[in-house]
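>>> What follows is a predicted structure for the sequence shown.
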Amino acid sequence: MANIQTPKKADAKIPDASMSDIAFLLLLFFMVTTVFVQEKQFWVERDRWPVAESIERIPRNLTTTIYVMRDETILIDDLPTRIEEETDVLVYNTLLKKKEENPEVIVCFRTDRETKYGVMSDVMRQLQDANTLIVTFEAQTKRN
């Protein structure tokens with residue numbers, strides 16, 4: 001009988017000569033199609049803060065001063081309260097009493113520079129609930 005040789009199977013090899021070309025084309029494609037979003041500023045630059053055009057002195061007998069300290073202590077006419085302990089009752093009732101004494105009461109609102117906004121927001125909400133809507137925000141003048 002004749003000796004018949006069968007051809008050997010070819011190796012199954014994936015050509016990788018153009019692999020780097022494909023990688024660079026994909027990189028270029030993603031770079032071109034990506035949309036770059038600029039960051040939005042959610043804060044006011046310190047050199048762009050509003051500046052008062054005029055200063056008006058309000059008589060102290062018509063005002064109630066609320067100080068909000070850095071450690072979340074609230075002083076209403078120099079009487080301390082804390083934001084955690086029944087603030088809705090303490091601050092709200094104090095403001096209602098002031099409103100009953102003088103319906104035209106002006107609330108002067110002062111805070112420390114490092115005070116968290118959540119505390120100030122709670123106090124301003126209580127001002128609205130007590131219907132004391134005439135509010136001024138006091139600031140110290142800049143010392144050179």
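Thanks, I have it.

>>> Under the pLDDT cut-off, which ranges of this protein? List them.
1, 38-50, 79-89, 139-144 (pLDDT under 70).

>>> How much space separates L133 from D71?
In this view, L133 and D71 are 28 Å apart by C-beta to C-beta, to the nearest Å. Placement of C-beta: from N, CA and C, glycine included.

>>> More neighbours: these two, which one.
Legend: neighbour count by other C-beta atoms under 10 Å for L133 and D71, higher for D71 (11 against 8).

>>> Double-check V105 against T132; I have them as touching.
Yes - the pair V105 / T132 is scored as a contact, 6.2 Å apart, by C-beta atoms under 8 Å.

>>> Quickly list what's touching both of the two.
By the contact definition C-beta atoms under 8 Å, 6 or more residues apart in numbering, V105 and T132 are jointly contacted by T64, K98, K99.

>>> hang on, the earlier thing: higher neighbour count, V105 and T132?
Neighbour tally, V105 and T132, criterion other C-beta under 10 Å: the higher count belongs to T132, 20 against 16.

>>> Just confirm that one is within a strand.
No - counting by DSSP: H, G, I helix; E, B strand; the rest coil, T132 is not part of a strand but coil.

>>> quick one: contacts for I58?
Taking C-beta under 8 Å, 6+ apart, one finds I106, C108, T136 in contact with I58.

>>> now, which of these sits nearest L75?
Proximity of the contacts of I58 to L75 (C-beta to C-beta) peaks at C108, which lies at 11.6 Å.

>>> Tell me who's in contact with the nearest residue to the closest one once chain neighbours are set aside.
Nearest residue to C108, sequence neighbours excluded (C-beta to C-beta, 6 or more residues apart in numbering): T65, at 4.6 Å. Going by C-beta under 8 Å, 6+ apart, T65 touches L75, I76, D77, D78, V107, C108, R110, E138.

>>> Let's see which of the contacts of I58 end up in strands.
Among the contacts of I58, the residues falling in strands (DSSP state E) are I106, C108, T136.

>>> what about the last one, neighbour count?
Applying other C-beta under 10 Å, we find 13 other residues in the vicinity of T136.

>>> circling back: among the contacts of T65, which ones are buried?
Taking 16 or more other C-beta atoms under 10 Å as the criterion, what is buried in the contacts of T65 is I76, V107, C108, R110.
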